[in-house]
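Asker: Structure for the following, please:
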Amino acid sequence: MQIDPLSTTFAALADPTRRAILARLSAGETSVTELARPFEMTLPAISKHLKVLERAGLIQRSREAQWRPCRLQAGPLKNASDWIAQYRQFWEERLDRLDVYLQELQAQERQAQEKSDGDAESAQSAP
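Answerer: I've put the predicted structure just below:
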């Protein structure tokens, strides 16, 4: 059974360590040792995270002599962003409708308050 790329991307992004690794790679190509430095885990544990990111197509690893650089591959992130954007538009439209409704309620309240204030002034000025 094949899992769709979007599911693989979101599964890889579900872990905070992997998101932190991607954030570090957004600054440029980095070695595995450098990526592991800020984390309190072993190199094999970091390597497992890198394998998940690599399977999701979010990073690319290469080998240059003893140096093993990793680099960000942003394509799957764009696909995830595009998918999320559909729902962002949905919520923005709903919030816009809610804003219109609240403005209508506020206008009704102002009218009711003005009418109430006008009735009170009329009652005070009556002999």
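
Asker: where along the protein do the helices fall?
Answerer: Secondary structure of the chain (DSSP state H): helices at 5-13, 16-25, 32-36, 43-55, 75-125.

Asker: now the third one, how far from the centre of its chain.
Answerer: This points to helix 32-36. Averaging C-alpha positions (CA atoms, centre = their mean, to the nearest Å) puts helix 32-36 25 Å from its chain's average.

Asker: Dump that helix to PDB, restricted to CA.
Answerer: What follows is helix 32-36, C-alpha atoms only, in PDB (Å, rounded to 0.1, in the frame of the first residue of the first chain):
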ATOM      1  CA  VAL A  32      24.900  15.700  10.000                       C
ATOM      2  CA  THR A  33      27.300  16.400  12.900                       C
ATOM      3  CA  GLU A  34      26.300  20.100  12.900                       C
ATOM      4  CA  LEU A  35      22.600  19.300  12.700                       C
ATOM      5  CA  ALA A  36      23.000  17.000  15.700                       C
END
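
Asker: That helix packs against which elements?
Answerer: Under the contact criterion of 3 or more CB pairs under 8 Å, 6 or more residues apart in numbering; DSSP states H and E, helix 32-36 touches helix 16-25, helix 43-55. In this view, the C-beta of every residue, glycine as well, is placed from N, C-alpha and C.
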